[in-house]
Structure formats: structure tokens, C-alpha cells
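Student: Show me how the following folds:
(2 chains)
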Amino acid sequence: MYNEKVMKEFISPSNVGEVKNANAVGEVGNASCGDIMKISMRIENGIIEEVKFQTYGCAAAVATSSIATKMIKGKTIDEALAITNQEVVEELGGLPAQKIHCSVLAEGAIKAAIKNYLENYKMGNNA
Amino acid sequence: MKKVYLDYSATTPLDKRVLDDMIPYLTDVYGNANSVHSFGQEASYAVDNARRTIAECINAKRTEVYFTSGGTEANNWAIKGISVRYGKISGRNHIITSAIEHPSILESVKYMSNHGFEVTYLPVNSDGIIEEDVLRKAISEKTVLVSIMTANNEIGSIQPIKELAKIAHEYGALFHTDAVQAMNSIKADVRDTNVDLMSFSGHKIYGPKGVGVLYVKSGIKPDKFMIGGHQERTMRGGTTNVPAVVGMASALKYTVAEMEENNAKIRQARDHFIDRIKSEIPHIRINGGMKNRVVGNANVTFEYIEGESLLLSLDLMGIACSSGSACSSGSLEPSHVLMAIGVPIEIAHGSIRFSFGKDTTISDVDYVVDNLKSAVERLRLMSPLTKK
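Tutor: Numbering: from 1, shown residues only, chains lettered A, B, ... in the order given. A predicted model of the protein is given here:
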């Protein structure tokens, strides 16, 4: 059902957990729908220095979470915001059609976290 | 790597003795059972014998057994064939079924509802059982057919079929039961339960895939479903799958003869599994009641994790089980059965069905529980829902 790359990311995902002293946190999805992704980041000088995720969901949700965090680590906010779910899926070498919606979760969580950061920044809470 | 199959409710391995009984009909005896020459007559003789064996196993008459391509076809035929014919004869236009039926029943009644029939879906209690009063309240002189499964495929709950059939008959309605998941562990006796129609299949009882039976009580005549042949006394066209029907009869014969012994063994393995996970894995829930439940079923919700990721984690350890995971079916709805027994939607996605069979050993169960513990722990570490 899944390709090797997806299975590899599912079996040993990167960046699992929560970033200490995170200044950007985003969470999307809900338990009733069967998937939730929570992402936390430490952004310094507009660069994503640290990023970690926690995901409740299927193997595709875990794999996209893992690959998406790898894709944005060390990138600028603008670069991270420009990443689409299609690029996440491509990076994984493709997902079964009924699983494409899982990749939207990762894109959504990244955007939510950065939005959270920008709101904190505007309010002068940027630590 | 050790391999453990705990998905006997999806399908069972073919019993070697059944295969031996089938082999001659896959090789030497290849005639068309409808041909008049000796090649055909030899095949026809085998089909007659298979029909007689099956009839004896369920306490029916030989002429009440119709071969089909499987449980799904038998269910389609029963629902559509009875509603169409008896709806026309009696003017009745109401069908009653339950909220926890197999999709082949649910989709068939939905099809009938698109053709002018009213459908009532009976709710179940938290154990997954249909209470008699619930049927009494729903049934009327307009009801043409009541179809209630003998045992549920997801949670294994066993319905009071004899009592429900009696109520249907009081109102002049016919009664069908989908017994696909029950034939392995519950002795079927159509004279005792007095059901009018009963569906079951070969591959759930260590027989071949692609073959099933619809039992139809003498005097009842559903509309034909598969037309264009003289087979099955003109009721179901299509060249008879001789090796499959021979295999189905052989499988049912062994199943009935060895039922008590296998049930005891399977129950022991299943109960050992449930005892261990209850004491060793926190935040789980056993779905469905333990009293009226088939011996081989355990349906478990693991809080904070999603079913498909657990299913795949176990698969990597050589363990096969099943999830009603909405995510793998492309829909976001969790299992209709778990919803019907009141499993909260937030945790329903984390449900797995483990189904045990006659080859399951205690050491298999121990291997599964040991690996299950580590898989659940790993996924919970990853989950944002896990309570710290």
C-alpha cells in the first residue's frame, strides 16, 4: 500500500517530540476525524532553527509529519510557508490517493505554527 | 521472523483435508455438472453429495440449499429477491435490519429503499445485541422482511435469532439471517431457529473462497437474482463451481464435527489475550459484551493512537489483524458498528479487531501481546493526545 520511503519515515520518524522554549506552536486536525498534528518550532532571526512534531494518525500522517519537519528545518519562514502539500507528497515519493488528505495536515500545521509565531512577534513577545 | 495470523474473521486458511477432497474436482473430474454424459454426471453426483452434506449440517432439506458465489451474493439475493417478490404479492413495503449489519446487507436494503421500500435500522445495546422489544416496536403488518445477522463481524456479538424470527413470523414477515461469521462456532439448526433464509460462506470455515450458500425454507421463493441458467433448480444461473461446493461441504462437515473442541481451544487463546492486555496495557477498552460473543473475537480500542498505524506496526512484526480504520477506507467515518454500541468517536479510530482461529496457540498470543505493548508505547510517545 505504501512505498518504502513512506514506510521508512513511519518506522523511524525524525523530529518527534516537543521543542523546549518553542516560540511557534501549531496544531491542526481533531480526534473525531482520526488525525491531529502538533508542530513546535524555535525560530530565530527568521530561520527555523528547531522543529519537532507529535502526530496522532495513520502511517501516512506520521510519515508526512516527519518529512515535512525535515523539509523546513533550517529554512526561512517564507520558504517554509511556500511549501505545499504536493511537495510534501513528492518528497515521500507519492501516497495512495485516499491518503493525500493526510499531507494537507502537515502543510496546515506548519502554517498554523508560523502564524502563531508572527502573532507573538507582533505583540512583542518574541523572546 | 515469527508470523501470527489473527484475522480469521477476514478469512481462514484452507484446511488441508478440504483441499484433498477438492483436488479430484480440480483435475480429473472436470465435467459440467449440467451435462448428461458420464463426465457431467460424475460432477453432478459430487454436487448432490455436497448439497446433502450441507443440508445435514444445518438440519435442512437438500432442496433448501442453494449454492452462490459467497456470502455477499447470498445476502444480496435474500434481501432483493424476497423484497421484490413478496413486496409485490403482499403489498408490504417495509424492511427491518440492524445498524450493525455487514455492508452487503446495508447496501442491499439501501438499494431497496431507492426502489420504494421503507427501511428501519434497529439500534443495539452497548453489548451489541438487538433486544426483542426493539424489534416489537419497529415491526408492523407492512413489514415484508426482517434481516438480522447471527453474529457480528467486528465485535462478535451473537443475536437472539430464534426469538427475533418468532416475532417476525407473528407479524407475517419473513426472517433472514446472515450467518457468515457464526458458522465456525455456533451450531446452525434452521429447524430450531425457524429462520426462513440464511446466508453463509466457505472461506470463513477453512473452506475455499468464492462459494457460499443461501438456505431458503421450502415453500419460500425469492425472485431470481442471477438469471440465465438451469443451475440450482433454475433459481441461480451459472455453471456450478464443483470443486468449490465440494470444498465448502467438506469444510462445514469438519467444522461441525470439531466445533466443541475448537471452540474450547480458541476461547482459551482469546481469553488469555484479553486477560494479558487488560493487565499490561493501560487506557484500552474491550468493545462489545463478553457474554454473547463468538469465541474467536476481541475488539480493542487503544486510546491516543490511530488504528491503521498500529495495524501497520504489528504487520512489520509479522502480526496480522484488522482495523475498522476509517482512514484506510478513504472515509473519515469510524466503524458504524462501534458507533452503534456507543464507542466515543474521539477514540473509535484507535480500534483493532483480533480474530482467533483453530491454529492459534498460546505462544502466538504471547508473541502478539509482547509486540503489541511496544507498538502501542511507541505510537503513544508520538501522539499529542497521550496523557502525561
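
Student: SS state for the residue nearest the centre of chain A?
Tutor: The residue lying closest to the centre of chain A (C-alpha atoms, centre = their mean) is A:Ala106, at 4.2 Å. Under DSSP: H, G, I helix; E, B strand; the rest coil, A:Ala106 falls in the helix class.

Student: Quick one: residues contacting it.
Tutor: A:Met37, A:Thr64, A:Ser65, A:Ile67, A:Ala68, A:Asn85, A:Val88 (C-beta atoms under 8 Å, 6 or more residues apart in numbering or on different chains). From N, CA and C alone the C-beta is placed, and that goes for glycine too.

Student: ditto for B:Val29
Tutor: B:Val29 touches B:Phe39, B:Glu42, B:Ala43, B:Ala46, B:Val242, counting by C-beta under 8 Å, 6+ apart.

Student: how many neighbours does residue 77 have?
Tutor: If you meant another chain, say so; for now it's chain A. When neighbours are defined as other C-beta atoms under 10 Å in any protein chain shown, A:Ile77 has 20 of them.

Student: Chain B, not that one
Tutor: Neighbours around B:Trp77, by other C-beta under 10 Å: 26.

Student: again, but for B:Lys221
Tutor: For B:Lys221, using other C-beta under 10 Å, the count is 13.

Student: I'd guess it is in a strand, am I close?
Tutor: No: judged by three-state DSSP, B:Lys221 forms no part of a strand; its state is coil.

Student: follow-up on the earlier one: what's the closest non-adjacent residue to the residue nearest to the centre of chain A?
Tutor: A:Ala68 (3.8 Å; C-beta to C-beta, 6 or more residues apart in numbering or on different chains).

Student: Thought A:Ile110 was touching the one you found, still the case?
Tutor: Yes: between A:Ala68 and A:Ile110 there is a contact at 6.4 Å, judged by C-beta atoms under 8 Å.

Student: what residues are shared contacts of the two?
Tutor: Shared contacts of A:Ala68 and A:Ile110 (C-beta under 8 Å, 6+ apart): A:Ile83.

Student: ok, back up a step: need the contacts of B:Val29 in TSV with distance to A:Glu4, can you?
Tutor: Compiled in TSV, the contacts of B:Val29 are given as follows (distance: C-beta to C-beta, whole Å):
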residue	distance to A:Glu4
B:Phe39	51
B:Glu42	51
B:Ala43	47
B:Ala46	47
B:Val242	43
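
Student: Which among those residues count as buried?
Tutor: Among the contacts of B:Val29, those classed as buried by 16 or more other C-beta atoms under 10 Å in any protein chain shown are B:Glu42, B:Ala43, B:Ala46, B:Val242.

Student: Same list (the residues you listed) but as a markdown table, adding pLDDT.
Tutor: What follows is the buried ones among the contacts of B:Val29, written out as a markdown table (pLDDT from 0 to 100):
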| residue | pLDDT |
| --- | --- |
| B:Glu42 | 98 |
| B:Ala43 | 98 |
| B:Ala46 | 98 |
| B:Val242 | 98 |
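
Student: Restricted to helices, list those residues.
Tutor: Mapping those onto helices (DSSP state H) picks out B:Glu42, B:Ala43, B:Ala46, B:Val242.

Student: wait, what's in contact with the second one?
Tutor: It stands for B:Ala43. Per C-beta under 8 Å, 6+ apart, neighbours of B:Ala43: B:Tyr25, B:Val29, B:Tyr30, B:Gly31, B:Asn32, B:Ala33, B:Ser35, B:Thr240, B:Val242.

Student: and the two most separated of these?
Tutor: B:Tyr25 and B:Ser35 (14.4 Å; C-beta to C-beta).

Student: And those two? Which one has more around it.
Tutor: B:Tyr25 (23 against 13).

Student: so which strand or helix has that one?
Tutor: Secondary structure assignment for B:Tyr25, by DSSP states H and E: helix B:16-26.

Student: Just the buried positions in that helix, please.
Tutor: In helix B:16-26, counting by 16+ other C-beta under 10 Å, buried: B:Val18, B:Leu19, B:Asp21, B:Met22, B:Tyr25.

Student: Out of these, which comes closest to chain A?
Tutor: Distance to chain A across the buried residues of helix B:16-26 (C-beta to the nearest C-beta) is lowest for B:Leu19, with 29.4 Å.

Student: CA atoms only for the helix holding B:Tyr25, dumped as PDB, please.
Tutor: Taking Å, rounded to 0.1, in the frame of the first residue of the first chain, the C-alpha atoms of helix B:16-26 are listed here in PDB:
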ATOM      1  CA  LYS B  16      -5.600 -29.500   4.100                       C
ATOM      2  CA  ARG B  17      -8.200 -32.200   4.400                       C
ATOM      3  CA  VAL B  18     -10.600 -30.000   2.500                       C
ATOM      4  CA  LEU B  19      -8.000 -29.400  -0.200                       C
ATOM      5  CA  ASP B  20      -7.600 -33.100  -0.600                       C
ATOM      6  CA  ASP B  21     -11.300 -33.600  -1.000                       C
ATOM      7  CA  MET B  22     -11.300 -30.800  -3.700                       C
ATOM      8  CA  ILE B  23      -8.300 -32.000  -5.700                       C
ATOM      9  CA  PRO B  24     -10.100 -34.600  -7.900                       C
ATOM     10  CA  TYR B  25     -12.600 -31.900  -9.000                       C
ATOM     11  CA  LEU B  26      -9.900 -29.500 -10.000                       C
END
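
Student: ok, the closest residue to A:Gly34 other than its chain neighbours - how many residues close by?
Tutor: Nearest residue to A:Gly34 in three dimensions, chain neighbours excluded: B:His349, at 3.9 Å (C-beta to C-beta, 6+ apart). By other C-beta under 10 Å, the residues close to B:His349 number 31.

Student: B:Gly31 too?
Tutor: B:Gly31, neighbours per other C-beta under 10 Å, totals 18.

Student: contacting residues around the nearest residue to it once chain neighbours are set aside?
Tutor: Excluding the flanking residues, the one nearest B:Gly31 by C-beta to C-beta, 6+ apart is B:Phe39, at 3.1 Å. Residues near B:Phe39 by C-beta under 8 Å, 6+ apart: B:Val29, B:Tyr30, B:Gly31, B:Asn32.
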